[in-house]
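S.K.: This is the structure alone, sequence omitted:
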Ligand code: ATP
């Protein structure tokens with residue numbers, strides 16, 4: 001890792017209480033501005049556990065991660081200021097509209113009152129939610145809920161975005177729209193860490209990716225690197 005990394009993960013591990021085998025086992029990576037780093041792996045590989053440590057939702061067993069210079073071990077509030085998180089399962093309120101969600105989260109993230117409306121409309125446009133912005137989230141399709149969760153994660157343009165399977169439940173057109181939104185965020189110099197079950201998605205978005213197996217990075221590199229190393233069948237090789 002270098003000091004210009006937006007995210008540095010150093011030997012990060014998690015063993016849940018009452019279990020023996022680590023869910024995440026000494027992973028290391030540095031993610032630079034302008035990068036989208038992908039985490040691929042079967043259910044239970046440790047992707048969500050990695051995210052939950054980075055957000056401070058669960059304690060770290062050993063190792064460390066640093067976000068824009070702030071350690072998750074000692075400065076989690078500073079980390080939160082610089083990180084947006086789209087969880088695997090949408091944490092949205094069925095009775096609030098899309099627009100109300102964005103206003104609420106902008107306020108919670110400390111966006112100045114005079115900017116809240118502008119920022120919320122930016123999120124609505126960015127994720128293609130315009131038609132639905134005034135409808136309560138309870139009426140949203142699964143795909144529109146994912147868009148709203150992603151818009152919430154991006155609301156104050158944090159340096160690092162963690163997106164846990166952002167396109168689950170989306171039709172192909174919506175997926176492409178979201179990929180374009182993510183790409184423009186990356187081109188703005190931010191960093192993204194993304195989990196996915198879709199190789200197509202990783203090929204569309206990721207500058208590098210790691211294939212996670214039993215809590216470890218089985219291999220890490222560019223798509224080209226992984227294809228060279230394992231052949232076109234590398235996805236099959238890794239049982240993804
Ligand atoms: P998915 O694709 O299903 O989201 P994942 O790669 O995100 O999978 P994790 O949810 O991080 O995987 O799970 C990693 C391992 O940790 C699994 O073996 C899982 O059973 C275990 N695990 C997750 N949460 C807990 C918990 N609260 N207590 C004990 N074990 C857990």
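M.R.: On my side now, so go ahead. Remember, it's a predicted structure, so these values are computed and weren't measured experimentally.

S.K.: Could you use CA atoms for every contact and neighbour count after this?
M.R.: Noted.

S.K.: Can you get me a residue count around residue 161?
M.R.: Residues lying near residue 161 (other CA atoms under 10 Å) number 24.

S.K.: What mean pLDDT does the helix or strand harbouring it get?
M.R.: Per DSSP states H and E: residue 161 is located in strand 160-164. Average pLDDT, strand 160-164: 95.

S.K.: packing partners for that strand?
M.R.: Using 3 or more CA pairs under 8 Å, 6 or more residues apart in numbering; DSSP states H and E, the elements in contact with strand 160-164 are helix 47-55, strand 83-86, helix 142-154, strand 191-196.

S.K.: so can I have a markdown table of those showing mean pLDDT?
M.R.: What follows is these, written out as a markdown table (pLDDT from 0 to 100):
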| stretch | mean pLDDT |
| --- | --- |
| helix 47-55 | 96 |
| strand 83-86 | 94 |
| helix 142-154 | 93 |
| strand 191-196 | 94 |
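
S.K.: Quick one, which of these gets closest to the ligand.
M.R.: Checking the helices and strands packed on strand 160-164 against the ligand by CA to the nearest ligand atom gives helix 47-55 as the closest, at 3.5 Å.

S.K.: Run the contact check for the closest one versus the ligand.
M.R.: Yes - applying CA under 6 Å from any ligand atom, one finds helix 47-55 touching the ligand at 47, 48, 49.

S.K.: Give the buried residues for the lengthiest helix in the chain.
M.R.: Determined from DSSP state H, the single longest helix within the chain is helix 172-187. Buried residues in helix 172-187, counted by 16 or more other CA atoms under 10 Å: 174, 175, 178, 179, 180, 181, 182, 183, 185, 186.

S.K.: Give me the distance between residue 16 and the ligand.
M.R.: Counting by CA to the nearest ligand atom, to the nearest Å, the gap from residue 16 to the ligand is 5 Å.

S.K.: Tell me which residues touch that residue, please.
M.R.: Residues counted as contacts of residue 16 (CA atoms under 8 Å, 6 or more residues apart in numbering) are 22, 23.

S.K.: Ramachandran coordinates for it?
M.R.: With angles defined as degrees, to the nearest 10, residue 16 sits at phi -70, psi 150.

S.K.: Any idea which of the helices and strands packed on strand 160-164 gets closest to residue 124?
M.R.: Each of the helices and strands packed on strand 160-164 has some distance to residue 124 by CA to CA; the shortest is helix 142-154, at 7.2 Å.

S.K.: relative orientation of the closest one and helix 172-187 in degrees?
M.R.: In terms of direction (axes from the mean of the first three to the mean of the last three CA atoms, to 10 degrees), helix 142-154 departs from helix 172-187 by 10 degrees.

S.K.: Which elements pack onto helix 142-154?
M.R.: Counting contacts by 3+ CA pairs under 8 Å, 6+ apart, helix 142-154 packs against strand 83-86, helix 98-108, helix 116-126, strand 160-164.

S.K.: Residue numbers of this protein in contact with the ligand?
M.R.: 16, 23, 41, 42, 43, 44, 45, 46, 47, 48, 49.

S.K.: Only the buried subset of these, as a ChimeraX command please.
M.R.: Here is the ChimeraX selection string for the buried members of the residues of the chain next to the ligand, based on 16+ other CA under 10 Å:
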select :16,23,41,42,45,46,47,48,49
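
S.K.: Just name the closest of the residues of the chain next to the ligand to residue 103, please.
M.R.: If you rank the residues of the chain next to the ligand by distance to residue 103 using CA to CA, residue 48 comes first, at 27.0 Å.

S.K.: neighbours around the closest residue to the closest one other than its chain neighbours, how many?
M.R.: Excluding the flanking residues, the one nearest residue 48 by CA to CA, 6 or more residues apart in numbering is residue 164, at 7.1 Å. If you count neighbours by other CA under 10 Å, residue 164 ends up with 21.
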